[in-house]
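Novice: Quick one, what's the 3D model for this:
(2 chains)
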Amino acid sequence: NAGVMQNPRHLVRRRGQEARLRCSPMKGHSHVYWYRQLPEEGLKFMVYLQKENIIDESGMPKERFSAEFPKEGPSILRIQQVVRGDSAAYFCASSIQDDTEAFFGQGTRLTVV
Amino acid sequence: RKEVEQDPGPFNVPEGATVAFNCTYSNSASQSFFWYRQDCRKEPKLLMSVYSSGNEDGRFTAQLNRASQYISLLIRDSKLSDSATYLCVVNSGGGSNYKLTFGKGTLLTVNP
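Specialist: Predicted coordinates:
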């Protein structure tokens, strides 16, 4: 049973470009969460999704960031018009229910140059 | 006050040593508490949940003091493989665990 798969592992974007981060949850998991880890900081919750629904996006920046978890395919975290401050590790996690253990993917390290 | 605050570290200990990490949290509504382990540039992995009665898993013992809003992790007979960053994690309150708040982590290096 493969774990949570994120790709790409590393992503370099120039300021103003778009970044698309993908996350495939563990088999049988329908709850997906995105976290961001800025340099020298702890992980911060961004958004919680179930299939085709955003349940809680209270941790998402109001502009430029969006997330989806379509009926088919991986969850996508999209950052438009990236800025240097978006450089961080973005971790996706999934779980069977929202009160069971969440398993993390290996993260996507975004570098904005 | 930060939501989750940990010992700044780093901790450098010899093999076989006992090491303790402390953590405080600010949200009194938090109901679930965890210690995660994160190896360098890897994903966080659940080490153990923390219960009010205290719990032990092999060489690891976790304690929770709700009155003081304080969590601890004790590692006995430390191994080289214990070298990692240890993250104190609490949920945001309520019954679900999805909105986790992570501390910055404490780096542990176990030396031969």
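Novice: Tell me the spatial nearest neighbour of the residue positioned nearest the centre of chain A, not counting adjacent residues.
Specialist: Centroid check for chain A by CA atoms, centre = their mean gives A:Trp34 as the closest residue, at 3.8 Å. In space, A:Trp34 comes closest to A:Met46 once its chain neighbours are excluded; the distance is 4.4 Å by CB to CB, 6 or more residues apart in numbering or on different chains. The C-beta positions use only the backbone N, C-alpha and C, and glycine is treated the same way.
Novice: Quick check: next helix or strand after the helix or strand hosting B:Leu46?
Specialist: Assigned by DSSP states H and E, B:Leu46 belongs to strand B:44-50. Using DSSP H and E, the helix or strand that follows strand B:44-50 in sequence is strand B:55-57.
Novice: now what about that next one, what contacts it?
Specialist: B:48-49, B:61-62 (CB atoms under 8 Å, 6 or more residues apart in numbering or on different chains).
Novice: Counting neighbours, which of those residues comes out on top?
Specialist: B:Ala62 (21 neighbours; other CB atoms under 10 Å in any protein chain shown).
Novice: Give me the phi and psi for it.
Specialist: phi -120, psi 140 (degrees, to the nearest 10).
Novice: same question, A:Asp86
Specialist: With angles defined as degrees, to the nearest 10, A:Asp86 sits at phi -80, psi -10.
Novice: ok, the lowest-mean-pLDDT helix or strand in chain B: who's next to it in the sheet?
Specialist: When the helices and strands of chain B are compared on mean pLDDT, DSSP states H and E, strand B:100-102 comes out lowest with a mean of 90. Using DSSP bridges, strand B:100-102 pairs in its sheet with strand B:84-91 (antiparallel).
Novice: got the angle for the partner strand vs strand B:44-50?
Specialist: Relative orientation of strand B:84-91 versus strand B:44-50 (axes from the mean of the first three to the mean of the last three CA atoms, to 10 degrees): 60 degrees.
Novice: And the next helix or strand past the least confident helix or strand of chain B?
Specialist: Using DSSP H and E, the helix or strand that follows strand B:100-102 in sequence is strand B:106-111.
Novice: Would you confirm that B:Thr85 contacts B:Thr106?
Specialist: Yes - between B:Thr85 and B:Thr106 there is a contact under CB atoms under 8 Å: 6.7 Å.
Novice: So which residues on chain B come close to chain A?
Specialist: Taking CB under 8 Å from any CB of the partner chain as the criterion, chain B approaches chain A at residues B:4, B:41-46, B:87, B:92, B:95-105.
Novice: switch to 10 Å and redo it
Specialist: B:2-6, B:31-32, B:34, B:36, B:38, B:41-46, B:49, B:87-89, B:91-92, B:94-105 (CB under 10 Å from any CB of the partner chain).
Novice: Tell me the buried residues in stretch B:72-87?
Specialist: For stretch B:72-87, the neighbour count (16 or more other CB atoms under 10 Å in any protein chain shown) marks B:72-73, B:75, B:78, B:82-87 as buried.
Novice: cool, stretch A:46-58 as well?
Specialist: Going by neighbour count (16+ other CB under 10 Å), the buried part of stretch A:46-58 is A:46-49, A:56-57.
Novice: got it, and stretch B:57-69?
Specialist: Neighbour-count burial for stretch B:57-69 flags B:60-64, B:69 (criterion: 16+ other CB under 10 Å).
Novice: where does B:Ser53 land on pLDDT?
Specialist: Looking at B:Ser53, its pLDDT reads 84.
Novice: Okay, it and B:Leu74: tell me how far apart.
Specialist: As judged by CB to CB, to the nearest Å, B:Ser53 and B:Leu74 stand 15 Å apart.
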